[in-house]
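Enquirer: how would this look folded up:
(one chain, ligands or ions: 1)
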Amino acid sequence: MVKICCIGAGYVGGPTMAVIAFKCPSIEVAVVDISVSRITAWNSDQLPIYEPGLDEVVKQCRGKNLFFSTEVERHVSEADIIFVSVNTPTKSRGLGAGKAADLTYWESAARMIADVSKSNKIVVEKSTVPVKTAEAIEKILTHNSQGIKYQILSNPEFLAEGTAIQDLFKPDRVLIGGRETPAGQKAIQALKDVYAHWVPEDRIITTNLWSAELSKLAANAFLAQRISSVNAMSALCEATGADVAQVSHAVGKDTRIGPKFLNASVGFGGSCFQKDILNLVYICECNGLTEVANYWKQVIKVNDYQKSRFVNRIVSSMFNTVSGKKIAVLGFAFKKDTGDTRETPAIDVCKGLLGDKARLSIYDPQVTEDQIQRDLSMSKFDWDHPIHLQPMSPSAVKEVTVVWDAYQATKNAHGVCILTEWDEFKTLDYQKIFNNMQKPAFIFDGRNVLDVAKLRKIGFIVYSIGKPLDPWFNDMQAMP
Ligand code: NAI
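Expert: Next comes the predicted model:
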C-alpha cells in the first residue's frame, strides 16, 4: 500500500488529501499538523474549515484510509510520498519584508523530514513557493541526511476556496514538475499514478520544476490582474455613466477573453493573490526586472485603490462623516461559501470606516465574532501564521459588534455595506430593512448582488460598484 503523508492540515492540505483518500482506497493518507486544535477539529464533527461537500468526503474515508494526526514524525518517516502544504506567508520583517515569501515553516518541515527519514522519499511542494525553492529544499534534505535519496516535485494546488471539492474532483489541470533525470521522471510518474485514479491523463501536465513553481505564481497573478482590470473599469464607468456589468458582458463575449472572473467588486481578497503577487514582484526585483515588477505591483495598487474608493464613497455620500453612525456590514468572508477571512477586503473597509469613527454591526453567516475581532486588531501579514502562534484573545475593538442576523445588523443603521456575495443577501426583505433604518437610508453594494432599481423604488440611496450613480452621489461630490 502506498503511504502518503501531508504536512499541514489547512485549507489546502485537508481537502486535497481527503479527496486523494476518497478517490484512491488503496492509498493510506495521513494529514499531520503541529496545531493540536486543528487536528482535533479534523477528527470531530465540526471540521476546522467550511467547504461545501467536504464533510461527506471526510466522513466516507476518515478512520479507513484517511487519518488526521499530530504525530508528525511517525507519519513522515513511514510515508513514501510527503506533501508539504504549510503556510508560506509574506515576510513581515528583515530582508524582503512586505514582499518576499517567509519560508520558515517550509524549512522547518524540510529539516524535520531529513531528521526522521529512514527510506527514500518523494517530497512534493504543495504550498505555493517562490520559483527555485525546490533547489533550496533539495540542499536542506541532502545535507542533513545520509544515504537517503529524495526527489522533489512541484505540484501546486489550483483549487479555489468555496468550490474546493468540485475543483479537486474535476480539476482543469494537475501540474507536476520534476527533475529531467530518470529518477526525477520516475517520481513524476509515481505522483501521476496517484492522480490518474480519477483525473484524465490529458489533464495531467508535466514540466520541469521551475516552470511548475512559476506557473502557480503566474496563474494567481493573471487571475488577480483580471479583477483589477475590471475594477479599474468600474471607476471609469461611475465617472461616465457606463454600467460595468454591461461592459464585462460585452468584453467577456470575446472568446479570446472569456466571461469568467470579470465581476467588479470592492476588491479581491483571500490568502493567496496579494501574497503571491508580492512574491512575484520580489523575484522580479531580485532578477533586476524592475519594469516587470512594477507592472505586477500595479495589480495590488488598483486593488487597494478600489477598497479605499469604496470607503471614501461611503463617507462622502453620508455628509462627509460617519462619526458615531451605525453602519451595518453584511458579509466578512473574502468570498461566499467560505468562512475564510484572510486578506478579505472587509478588513480594510471596516478599518477605513472605524478610522472615520463609525460604529459597525457585522453579520456573516460563517465567520465568528472572535475571528472578526482578531482580524480587525491584527497588523498586516500577521494573520498568515499557524493558528496557535496567533494572539488568542486580541483586545476587542469596542466600536464593533458582531451579530447573527442581517436584520439585527441593519436595525437603526444609517447605512448598509454588502462586502461578501452570500446568496442569502439577495433575498433579504429590504422593505423591512428600510423601515427599520435611519433616513436617508444608504446601501453600498460592494459585490453587485442587489437589484438596484428595486432598492431605489423602496427609497434607498444605492451605490453599486461601477453602476450609473444616483444623483445623490454627484451632488455630494460637488459639495465643498
Ligand atoms: P493554512 O494556514 O490553512 O494551513 C497551513 C497549515 O500548516 C497550518 O495548519 C499550520 O499549523 C501547518 N504548519 C505550519 N508549519 C508546520 C510544520 N512545520 N509542521 C506541521 N504543520 C505545519 O494554509 P493553506 O491555505 O492551506 O495554504 C497552504 C499553502 O497552500 C500556502 O502556500 C498557500 O499559498 C497555498 N495555497 C492555498 C490555497 C488556498 O486557497 N488557501 C490555494 C492554493 C495554494
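Enquirer: what about the residue of the chain found nearest the ligand, which SS state?
Expert: Here the chain gets closest to the ligand at one residue, residue 10, 1.9 Å apart by CB to the nearest ligand atom. To be clear about C-beta, it is placed using only N, CA and C from the backbone, and glycine gets the same treatment. Three-state assignment for residue 10 (DSSP: H, G, I helix; E, B strand; the rest coil): coil.
Enquirer: quick one, what contacts it?
Expert: For residue 10, the contacting residues are 33, 38, 49, 85, 86, 87, by CB atoms under 8 Å, 6 or more residues apart in numbering.
Enquirer: Name the residues that touch the helix or strand encompassing the second one?
Expert: When you say that, I think you mean residue 38. Secondary-structure assignment from DSSP states H and E places residue 38 in helix 36-42. Contacts with helix 36-42, where a contact means CB under 8 Å, 6+ apart, come from 9-10, 14, 31-33, 47-48, 58, 68-70, 387-388.
Enquirer: do that again at 7 Å, thanks
Expert: 9, 14, 31, 33, 47, 48, 68, 69, 70, 387, 388 (CB atoms under 7 Å, 6 or more residues apart in numbering).
Enquirer: just the buried members of these?
Expert: Buried members of the contacts of helix 36-42, scored by 16 or more other CB atoms under 10 Å, are 9, 14, 31, 33, 47, 48, 68, 69.
Enquirer: could you dump the residues you listed to TSV with pLDDT?
Expert: Shown next, in TSV, are those (pLDDT from 0 to 100):
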residue	pLDDT
9	98
14	98
31	98
33	97
47	97
48	96
68	98
69	98
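Enquirer: Among the residues you listed, which ones are in strands?
Expert: 31, 68, 69 (DSSP state E).
Enquirer: beta partners for residue 66?
Expert: Here residue 66 sits in beta bridges with residue 29, residue 62, going by DSSP bridges.
Enquirer: how about the strands of this structure, start to end?
Expert: Going by DSSP E, the chain shows strands at 2-7, 27-32, 66-69, 81-84, 121-125, 150-154, 174-178, 204-208, 326-330, 359-363, 400-402, 415-418, 442-445, 461-464.
Enquirer: Need the ones you listed in a markdown table (columns: distance to the ligand).
Expert: Formatted as a markdown table, those follow (distance: least, CB to the nearest ligand atom, whole Å):
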| stretch | distance to the ligand |
| --- | --- |
| strand 2-7 | 5 |
| strand 27-32 | 6 |
| strand 66-69 | 11 |
| strand 81-84 | 8 |
| strand 121-125 | 9 |
| strand 150-154 | 12 |
| strand 174-178 | 12 |
| strand 204-208 | 16 |
| strand 326-330 | 23 |
| strand 359-363 | 22 |
| strand 400-402 | 22 |
| strand 415-418 | 23 |
| strand 442-445 | 25 |
| strand 461-464 | 27 |
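Enquirer: Any residue of the helix holding residue 38 touching the ligand?
Expert: Yes - interface with the ligand: helix 36-42 contributes residue 38 (CB under 6 Å from any ligand atom).
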